[in-house]
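# with the input below, show me the fold.
(2 chains)
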Amino acid sequence: MINAVLVFNNNGQPRLTKFYTTLDTQTQQSLIAQIYHLVAQRPSSACNFLPLPPLLSQGAASSTGPSDAPTQITYRTYATLSFIMISTSTESPLALIDLIQVFVEALDRMFENVCELDLIFGYETMHAVLSEMIVGGVVVETNIERIIAGVRSQEGTSGKRKAVQAASASLGRGAMPGLGAWR
Amino acid sequence: MRSRDPYRSSHQLPTYSALRWYWVEHAAWDVIDSQRDPIPESGSTGGRRAAGTMFEKSLYDLIKGLRNHKGGEDEYVQDCLRECKAEIKSQDMDKKATALLKLIYLEMFGYDMSWASFHVLEVMSSSKYLQKRVGYLGAVQSFRPDTEVLMLATNMLKKDIVSPSIPSLSLPLVTLPHIITPSLAMSLLPDILSRLSHSNAVVRKKTIVCLYRLALVYPEALKLAWPKIKDRLMDDQEDSSVTTAAINVVCELGWRRPHDFLPLAPRFFELLVDSGNNWMAIKIIKLFATLTPLEPRLTRKLLRPLMNIIETTTAMSLLYECINGIIQGGILDGEDNLQERDDVATLCVGKLRGMIVMDSDPNLKYVALLALNRIVTTHPMLVSMQQDVIMDCLDDADISIRLQALELAAGMVASDTLQPVVNRLLDQLRLATLSSPISGSEPEVFPSAQFETEDTEGRKTSGSSTIALVVLPNDYRGEVVHRILDICSQNNYSEVVDFEWYLGTLVQLVRLLPPSETEEHWIQSSSTQEATLHSKTSVAFRIGSEIRNVAVRVKGVRLEATRAAESLILIDNRSTFFPAGCNVGNDVLGPISWVVGEYADDLLSPGQTLQSLIDLSNVSLPAKTLQLFLQAIPKVFVRVYRSNGLGDSWSSETSLLLARVVGFLEALAAHPDLDVQERAIEFLELLRLSAEALHPDTREMPFLLASVLPGLFMGLELNPVATSAQKKVVLPPTLHLDVAFNEDLLGLFHTLDNSHFDGSQYDALQDFYYYPGLDPPPPSKPFPSLAPIEMPFESSYQNILTDSSDPPGATERRKVERRERYKDDPFYIAPLESSSGALMSPLLNPASGDALDVDSIPIVDLKLEDGQSGRLEQDASGVRRGRSKKMEVTADETFGIEETPPHDSLACLPGGPTGSKRSLLQVDSSGLGREAVLAEDDGEVEMRKAMQNVEQMRLRMQRASERIQLQGTPAEGTLVKKKGKKKHTPVPPQAVGLAAGDYLQPAETKKRKKKQKKQKQQKEDSVELSGEQ
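Numbering: from 1, shown residues only, chains lettered A, B, ... in the order given. Down below sits the predicted model:
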């Protein structure tokens, strides 16, 4: 299963944190920091798999068989953002790379030419996209059309609108839902 | 954006290059920044919020504010948190939700929001969907299983689960996996189960996954849910994404309870062959990998389709998983030798080789190495045929790939490939040391390119010149050193042919050790101090232990090993071996000092060694090293004064030496470490006595020095003992380890505490401890400067430091010398001209000598049998493998049969798994493994039938007993019951079908696929329709 999905930018600032197993906030932060440390070291030509950071390697089982412990970290960097998936051995490493790709493409469709800023302001939408794809650490959908349809059914096409308006509204936020789209 | 193609020939994905991406962070921020001034913050409230009330921010303001308070973010955030605290208590749901949204955002940066859990519930209960969604998001991100308010949520969750609106209904389904507790699961289970038959596929697939997570904390749930999930799985008309979700869940469950899913194998097979969905196919193959070990017949069924996929698919991920599944499913290592099996193995390895060679994609390289690493345990021969490409990966620019290749190299070395591999790694380290800034200060040390690195064939590895100068991280360098040691020491050195070469390598490794500063970065996370010590010392300590091991085990090179140790311990060399500023090497010194002491007779210059050991700078060494030093000092001391001979100046020389040793020991007499202190004082007293016994006018060696002191260390030779040997010592029957010495021990302590010292006693004690008759001299007292004892300086291990290139004949010369030395040593088997070199070859080869050397043969045999009983069993493998060995390697001594052959150096392996400790992020699915949850439902029908049978039988017997009035009936009754129970797990009908072979043939695939596609299309349409409503 997928244990966590993380997104952070080139400076290690988190943009999305989703842990499918409970972890206290402090440990979450240090885990993110450790993974960022690993990602930051890697040249762009390197492969998309990270060694386990110290926090995770402590309890990792030595046997090759499947277990509950997360054993693989797959990441992929797009421009300023890195997408990370921490998973157990029941996931295929190459398929996870594709899954990240699907996630990013879905975001791209939602936000129309997505950029980091969109994801900052539209992070609720980003969570919604993710929860259409992964539930409780298990992949439920890989078809972009359906993912988009699922998110749209929740919020219409407001996700992009919100972010765009947040970034470019010139008449104050009276005209802008400001992510409080329910107003 | 990278435009690398994904690993799937996608059925669903549009092409990747069609996308346009604009990652214009800075441009966008400029837009925002330019707007900052025209929008006064107070104006943001709009008309709806009354002027003068609390100033509040939207999420947008918060993010912008964070941006504008660079440097003082924390202060700003604290302000915001305070505002949020106030806002979230507001009655206005809008305000509450906004505040919560801000809190969730800040939580992402590590600001705790657990205090707001009640307010999260409030927002979750909002009637507006988007507010509800914020509430649920808050729950996902901040609730922990111990969050108390969770109990209050049960009713609300129940209500939402049965909501008519699909988005609202989805919220609890995706949230529950994060917050589920056993009690919550119990009360929500019926409602969630009902969602499995919801008309919308989106709901069904999410429900399946939700039920899986429920089952993890509440295994009973699976018992009820499994039949329904199975229905979804078996249903041909089911939406493909629901089937995929079910397969994904089964894949998670599969490895825990493979037996329960075996009956479904035909369905999985059908889906694998027919579905055409690569995502699902990958999961099914993963699942089969756990099933095939249980059902050998599956292997035969799967082989053809898997090979078919391997040969035809264009999706690299599917190809890789097929190969992986074949490996992990044990298809390659069946006992019957099918021709097909060999074909598959060759095909797999060939494909993997292709992935490494053909594609420049580092990901494929990495996973291919990963797969090869799994194959190498069963098929080392096949893998070592790919040695060339694997060796190239050792020099890959990517550290991850290198590490994998390193592991693989360690797995496949044989005695003939060992030296080239290790030399290659050494070259790598050497280059890394060259390029790292620390070494810059002492460039003259490093050009020593090759120290005794001649291969068996005498060719030198020349890979180094082609390697680009990559700055290697230190932890990688540490890993390389570990691996080199692993490779060489495996199977009790069975693969090492040339131990002199190995010693040379070890000495070089000491110099190539990475600095430890960066290692500490990693250490801070490890919890226990012991672990810290362990990981920090391991690399250097292991090298020292290896030298010690070689010295102990390989008598043939003991002299060389001792000399190597000596060269490392000499104080003059230390600055070269261990560059100033980093004390990595210090851990080497401990085990090495033991070698120097134990084999002091082999020392080249014992005088200098002793001086190095008692150098005052040593006082600052770690306690663990000092303990070993202290033990070595008297040994070397004995060697020094005995070798000096009883000349005129013997007495004065020895007393001077003694004074210096005493001086060093005095410096340690007050060491904070108790062990060091104790040993120092013990030897100190002994040597003081010796000093008193030594009169300047006597020409005779005092008894104390002549035999007492040497007698402490002489005697039996120390042999390696297996770590498990101690456990096998049988306790004498009279020894009771668990019986208390004194039942009333606590009481004794109690009375002791109560009795106070009277004054005089106290004074006496005070005097005893604080006013000693003899004050030890202060530790800083300078040593009397003595002319250093001049010793010839010709050891090869010292020469390497000053003169890098070994004189060409030196090795040869040493070999000849050694051969001479061990000519008559029964442990040493002289090299024979014939390459066989086996133990018995002198017997079989009449040309080797004019007559059979009758003496030599039985000695070897006898040694194997009498002296080291118990060695045979353990050594058997080592001797057999190392047929061309020149050296005799002593194995661990132990009793009986060694179940787990432990190795001295194994104890120092890096990052040894801490055993039972759970990993972070780990989901605990062990509950599923314990309870037989699924077994019942699979056999439910059979069970019912069986129960009926039992009942009928019982009735019949009862009637019979009533008729005949027999006594034995009850016993028979239970017997039948047992029989009924056995029917619990009959061979299910599906499994029988499996044997009969009614799998769908691939030929039928296309037709079905088309049909399914059509259905899928229809389903999709309907989904979209319902989504837009």
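
# phi, psi of A:Gln72?
Main-chain torsions, A:Gln72, degrees, to the nearest 10: phi -130, psi 140.

# what's the burial count for B:Gln631?
16 (other Cβ atoms under 10 Å in any protein chain shown). C-beta here means a position set from N, CA and C on the backbone, and glycine is covered the same way.

# ok, the nearest residue to A:Phe111 once chain neighbours are set aside to A:Arg109 distance?
The shortest distance from A:Phe111 to any non-neighbouring residue, by Cβ to Cβ, 6 or more residues apart in numbering or on different chains, is to A:Asp118 (4.2 Å). Applying Cβ to Cβ, to the nearest Å, the value for A:Asp118 to A:Arg109 is 12 Å.

# does B:Ser187 belong to a helix or a strand, and which?
Per DSSP states H and E, B:Ser187 falls inside helix B:182-194.

# follow-up on the earlier one: comparing A:Asp118 and A:Arg109, which residue is more hemmed in?
Higher neighbour count among A:Asp118 and A:Arg109: A:Asp118, with 27 against 20, using other Cβ under 10 Å.

# can you name the next helix or strand after whatever helix or strand the more buried one lives in?
Secondary-structure element containing A:Asp118, defined by DSSP H and E: helix A:116-121. Once the chain leaves helix A:116-121, the next helix or strand it forms, by DSSP H and E, is helix A:123-133.

# which outside residues touch that following helix?
Contact with helix A:123-133 is made by A:5, A:7, A:15-16, A:18, A:99, A:102-103, A:106-107, A:110-111, A:119, A:139-142, A:146-147, A:150-151, A:154-155, A:159, A:162-163, A:179, B:101, B:105, B:108, B:133-134, B:137, B:140, B:170, B:174, as judged by Cβ atoms under 8 Å, 6 or more residues apart in numbering or on different chains.

# ok, stretch B:293-310 next?
The set of residues external to stretch B:293-310 that reach it, using Cβ under 8 Å, 6+ apart, is B:258-259, B:262, B:265, B:269, B:272-273, B:281, B:285, B:288, B:291-292, B:318-319, B:322-323, B:325-326, B:329-331, B:334, B:340-341, B:343-344, B:347-348, B:351, B:991, B:994-995, B:997, B:999, B:1002.

# distance of B:Thr654 relative to B:Ile356?
Counting by Cβ to Cβ, the gap from B:Thr654 to B:Ile356 is 66 Å.

# actually B:Trp650, not the one I wrote
Computed as Cβ to Cβ, the B:Trp650 to B:Ile356 distance reads 68 Å.

# between these two, who's got more neighbours?
Neighbour count, other Cβ under 10 Å: between B:Trp650 and B:Ile356, B:Ile356 has more, with 23 against 17.

# what pLDDT, on average, does whatever helix or strand that one lives in get?
Element membership for B:Ile356 (DSSP H and E) is helix B:339-357. For helix B:339-357, the mean per-residue pLDDT is 82.

# and for stretch B:488-505?
Mean per-residue pLDDT for stretch B:488-505: 83.

# buried ones in it?
Under the neighbour-count criterion of 16 or more other Cβ atoms under 10 Å in any protein chain shown, stretch B:488-505 has B:488-490, B:492-505 buried.

# let me know how buried the residue in chain B positioned nearest to chain A is, in neighbour terms.
Relative to chain A, the nearest point of chain B is B:Pro177 (2.7 Å; Cβ to the nearest Cβ). Neighbourhood size, B:Pro177 [other Cβ under 10 Å]: 26.

# from B:Asp572, how far off is it?
From B:Pro177 to B:Asp572 the distance is 65 Å (Cβ to Cβ).

# so, low pLDDT: which residues of the stretch 301-450 of chain B?
B:333-338, B:359, B:433-450 (pLDDT under 70).

# which of the helices or strands spans B:Val140?
helix B:129-142.

# check whether A:Thr77 sits in a helix, strand or coil.
strand (DSSP: H, G, I helix; E, B strand; the rest coil).

# now it: how far from chain B?
Noted for A:Thr77: a distance of 8 Å to chain B, by Cβ to the nearest Cβ, to the nearest Å.

# I'd assumed A:Ser44 was in contact with that residue.
Yes - counting by Cβ atoms under 8 Å, A:Thr77 does reach A:Ser44; the two are 7.1 Å apart.
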